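[1] Need a 3D model of the following:
(4 chains)
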Number of protein chains: 2
Amino acid sequence: MTASTGTRHDGDSIHRALREDILSGASRSGEAMREVTLAERFGVSRTPVRQALGRLEQERLLERGARGLFVKRVDAREVVQVYDIRIMLEAECASQAALSRDSSDIARLQGLLERDQSLTDPSDRERTVNNLEFHSAIGVAAHNPVLTDLLQRLSSHLIHTPRSTLSVGNRWAEALQEHASILAAISDRDGIRASSLARRHMERAREIRLDLIRAEFSQPS
Amino acid sequence: MTASTGTRHDGDSIHRALREDILSGASRSGEAMREVTLAERFGVSRTPVRQALGRLEQERLLERGARGLFVKRVDAREVVQVYDIRIMLEAECASQAALSRDSSDIARLQGLLERDQSLTDPSDRERTVNNLEFHSAIGVAAHNPVLTDLLQRLSSHLIHTPRSTLSVGNRWAEALQEHASILAAISDRDGIRASSLARRHMERAREIRLDLIRAEFSQPS
DNA sequence: CACGCATTTAGTGGATACACTAAAGCCGAT
DNA sequence: ATCGGCTTTAGTGTATCCACTAAATGCGTG
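    The predicted structure follows:
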């Protein structure tokens, strides 16, 4: 459960907080999001909560059920659909990043990568957040707000699945290697290579995600 | 100006109405969207208007300026970015439609196409709407809500440019031909062909759009 | 005449009160 | 015990009021 007391909350911060709750799994799939309950929890009126919920609904993190809004349930089919699109867009994004990057973009990516490499046994949450940050930084390097925006949206579609793919076996180390090679390609301004590396990186993530889903179905919670 | 009196308006209908205003060009680029003004126009309080404006902001049809929300100004760079992504996604969408379509999808597309072919000298608005409907029907045929949703969002990013590309020269007739061939490929379950036809269709649209933009810059309003 | 400062004001953000709707509980009849 | 209809109630949708902020405006001064 995310903090409630101590900080003053406005619509925007509530949006972020709830988003964080959903993505981190603190709010379980299918759970109801009631305006009054949340308003009490954040110590505000229903108005800003409503604004936040509206946004989350448009981001497809919530769905409207019989009685108000609920945390969206993910189904395997949709997860695959999201990954398929993400594969295309991440590849395109990496390509554009290779062509449009400036030196500060490279520095930022380098910094993130080194930080990740220096972590010893990071938590699942940490891995997820850092991974998101790296991909987001590639988005920045592409200097294409439209594409970046779309990817951001798609990423959050997935993350509220039970566990990230980055805690499976040695996937985290593997992913960092892949990040390193993508970064190298971007740094070399080699759009083709960046694109195909990014594509393979995401395809790999999709495979692992599918394994996770299959495992979840045979051994339900 | 879209209707104000006569019909009762709730948040949702206001959202649609304003959206329509923006996409049709009734609300000019850069124009202010004031809560009180709109509330008066629709004969409701500020509350539902605020909800509608919030949604439109998230759809990137409005942007937050110094003094509230304004109809977003399109810049050439962004238009190209949107088209580039649309090209990819429409191609993928056509491909998936070819693989996933059922007979009712084909019937629907056929119906829309024949309707469009039977029109004599349709208005610019009519062309835009009908074109959107056809593309949207391809989305339905793909049976991929994630992809369809994304495309829907992207389409509306563009349409509030001054004029559609479908009123340039004989582009409308040309577009219908292209629609016909895409439909044929989808009907044949030929994903590869559908994809490349859709890609070319959108690339053509992008070229024309670029011409329009260049023309607009040399002869501003 | 231009510049800086105080004042006004246009406009949004949040709180609260009221209206409406439909699901859930309840009770009696068969 | 079960079904039909009534009542309750949980929950959202809208209206209105107050609070706050920052752009515009006007006024005095150099």
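[2] where do the strands sit along chain A?
    Assigned by DSSP state E, the strands in chain A fall at A:32-33, A:62-65, A:68-71.
[3] and of these, who's closest to DNA strand C?
    Shortest distance between DNA strand C and the strands of chain A, using CB to the nearest atom of the strand, is found for strand A:62-65: 9.1 Å. (Each C-beta comes from the backbone N, C-alpha and C, glycine too.)
[4] Residues contacting the lowest-mean-pLDDT helix or strand in chain A, please?
    Ranking every helix and strand in chain A by mean pLDDT, DSSP states H and E puts helix A:145-159 at the bottom, with a mean of 85. Outside of helix A:145-159, the residues that reach it under the criterion CB atoms under 8 Å, 6 or more residues apart in numbering or on different chains are A:19, A:23, A:59-61, A:74, A:78-79, A:82-83, A:85-86, A:89-90, A:92-93, A:96, A:128, A:132, A:135-136, A:139-140, A:142, A:209, B:60, B:78, B:81-82, B:85, B:146, B:150, B:154, B:157.
[5] and with 7 Å instead?
    Around helix A:145-159, the neighbours that count as contacts under CB atoms under 7 Å, 6 or more residues apart in numbering or on different chains are A:23, A:59-61, A:79, A:82, A:85-86, A:89-90, A:92-93, A:96, A:128, A:132, A:135-136, A:139-140, A:142, B:78, B:81-82, B:85, B:150.
[6] same deal with stretch A:165-178?
    Identification of contacts with stretch A:165-178 by CB under 7 Å, 6+ apart yields A:116-117, A:124, A:127-128, A:131, A:197, A:201, A:205, A:208-209, A:212.
[7] List just the nearest of the residues you listed to DNA strand D.
    Using CB to the nearest atom of the strand, the shortest approach to DNA strand D within those belongs to A:Thr128, at 28.1 Å.
[8] Pull up the per-residue confidence for the closest one.
    If you check A:Thr128, the pLDDT there is 87.
[9] tell me the phi and psi of the residue nearest to it when sequence neighbours are not counted?
    The shortest distance from A:Thr128 to any residue that is not its chain neighbour, by CB to CB, 6 or more residues apart in numbering or on different chains, is 4.5 Å, and that residue is A:Ser164. Backbone torsions for A:Ser164, taken as degrees, to the nearest 10, come to phi -80, psi 160.
[10] What is the neighbour count of A:Ser164?
    Applying the criterion other CB atoms under 10 Å in any protein chain shown, we find 24 residues in the vicinity of A:Ser164.
[11] Show the contacting residues for it.
    A:124, A:127-128.
[12] Turn the residues you listed into TSV, columns for neighbour count and distance to B:His9.
    Conversion of these to TSV gives the following (neighbours: other CB atoms under 10 Å in any protein chain shown; distance: CB to CB, whole Å):
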residue	neighbour count	distance to B:His9
A:Asp124	14	46
A:Arg127	20	47
A:Thr128	21	42
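[13] can you redo those residues as a markdown table with distance to DNA strand C?
    Written out in a markdown table, the entries for the contacts of A:Ser164 read as follows (distance: CB to the nearest atom of the strand, whole Å):
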| residue | distance to DNA strand C |
| --- | --- |
| A:Asp124 | 32 |
| A:Arg127 | 33 |
| A:Thr128 | 28 |
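[14] From those residues, pick the one nearest chain B.
    Ranking those by separation from chain B, with CB to the nearest CB as the measure, puts A:Thr128 on top at 20.3 Å.
[15] what's the burial count for the residue found closest to A:Glu126 once you drop the neighbours it is linked to in the chain?
    Here the nearest residue to A:Glu126 in space, its sequence neighbours aside, is A:Leu119; by CB to CB, 6+ apart that works out to 7.1 Å. Neighbours of A:Leu119 under the rule other CB under 10 Å: 13.
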